[in-house]
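Colleague: Sequence first, then the predicted structure:
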Amino acid sequence: MADDTNSSQPADSGASLKKKGGNKNMMIIAVVLVVVAALVAVVVLGGFLNSDNRTALEKIQDRGTIIVGTQVPYPPFENINATTDELEGIDIEIMQYIAAKLGVEIDWRPMDFDPLFAAVQTGQLDCAISSITITAARDVINDFTVPYYVANQAVLVQNSSTIADLDDLNDSTLVTQTGTTGQWWVDDNLDPVSHVPLSDVPAAVLGVENGLYDAFVVDTPVANKYANDTNYNLKVAFVIYTMESYGILIPDSEPELKTVMDSAINDMVADGTLDEIMLKWLI
């Protein structure tokens, strides 16, 4: 064992060094705790300040505009006026009536039909009006207003076409609009030579006009619009009675928004405005 008597190191120096080191560590820990507490406070306060518990209706009213998605062209429900470059049609006027009832302006967001559903679900749109058929599958992730129109499917063909029934469709090349009930109906009920879904309605119509497809299965008012247009060599071969109800697509679990929009649609029916709009565009 070594003799400590002759050591020049003070007996308590080790203890003193340890003590000094301990104080320093404690100070570092205290500073870290203060910084962490400050960061937590900032996060909590920021979350509190950024939280938005307003309903969809309150956001619309506070903003003064309702953001509405639609797919154009789909005459006579949605179209772009060739002269004014403005949106027009049945759905456009219905939405204008509803917006007036809410006391807000409309911010139109044209897009393809299929993405409308996700855009409403994720809050990119307040609602969508685009000849949208109310279905159980669509109602799972979103909601609908009360119906405002009942449509069927029609078979749009060239004037010279001999297509006359469903059996003829099974021997034909068909086109439908992507994501629509027309596409679903063909998939579920027919076995055609080919079936091409397109997002672009005019492209589908021109495809029939030019002989690329034998028939376009589409909502009856749209088929009639093109059949009655003398710029096209088209006719409606026959109607498929699917009895589909159109509604305005709205976010799920927003009862306040649904209530006011349902009320506006019911007002349109009661005061005759909806009939006037239909007569204007369907005849």
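Modeller: That came through fine.
Colleague: show me where the stretch 151-283 of the chain has helices.
Modeller: Per DSSP state H, counting those that start in this stretch, the stretch 151-283 of the chain carries helices over the ranges 166-170, 181-189, 201-209, 220-227, 255-270, 273-282.
Colleague: of all those helices, which lies closest to Asp126?
Modeller: Of all the helices of the stretch 151-283 of the chain, it is helix 255-270 that lies closest to Asp126, at 7.7 Å by C-beta to C-beta. C-betas here are computed from N, CA, C, even on glycine.
Colleague: between the helices of the stretch 151-283 of the chain, which gets nearest to Gln158?
Modeller: helix 201-209 (6.4 Å).
Colleague: Now the closest one: buried residues?
Modeller: 201, 204-205, 207-209 (16 or more other C-beta atoms under 10 Å).
Colleague: picking that back up, please identify the deepest-packed of the helices of the stretch 151-283 of the chain.
Modeller: helix 220-227 (a mean of 22; mean count of other C-beta atoms under 10 Å).
Colleague: And for Val155, the neighbour number?
Modeller: A total of 28 residues lie near Val155 under the criterion other C-beta atoms under 10 Å.
Colleague: any idea how far Leu279 is from it?
Modeller: Noted for Val155: a distance of 25 Å to Leu279, by C-beta to C-beta, to the nearest Å.
Colleague: Domain map for this structure?
Modeller: 56-148+247-282, 151-244 (automatic domain parsing).
Colleague: Can you lay out the ones you listed as TSV showing mean pLDDT?
Modeller: Listed next are these as TSV, based on pLDDT from 0 to 100:
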stretch	mean pLDDT
domain 56-148+247-282	97
domain 151-244	97
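Colleague: quick revisit: mind checking the helices of the stretch 151-283 of the chain for the one nearest to Val146?
Modeller: Among the helices of the stretch 151-283 of the chain, if distance is taken as C-beta to C-beta, the winner is helix 255-270, at 4.8 Å.
Colleague: quick one, what contacts the residue lying closest to Pro202 once chain neighbours are set aside?
Modeller: Among residues not flanking Pro202 along the chain, Pro73 sits closest, at 6.3 Å (C-beta to C-beta, 6 or more residues apart in numbering). Contacts here follow C-beta atoms under 8 Å, 6 or more residues apart in numbering; on that basis Pro73 touches 79-80, 201-202.
Colleague: Of all pairs in these, which one is the farthest apart?
Modeller: Ile80 and Val201 (12.2 Å).
Colleague: number of nearby residues for Gly103?
Modeller: Applying other C-beta under 10 Å, I find that Gly103 has 9 neighbouring residues.
Colleague: for Leu57, that is, sorry about that
Modeller: So Leu57, with other C-beta under 10 Å, has 20 neighbours.
Colleague: can you offset everything so residue one is 527?
Modeller: Okay, residue one is now 527; in that scheme the one you just asked about reads as Leu583.
Colleague: which secondary structure element contains it?
Modeller: Leu583 belongs to helix 582-589 when assigned by DSSP states H and E.
Colleague: contacts for that helix?
Modeller: Counting by C-beta under 8 Å, 6+ apart, 578, 580, 592, 628-630, 652, 776-777, 780, 782-783, 786 sit against helix 582-589.
Colleague: residues in contact with Thr799?
Modeller: 623, 793.
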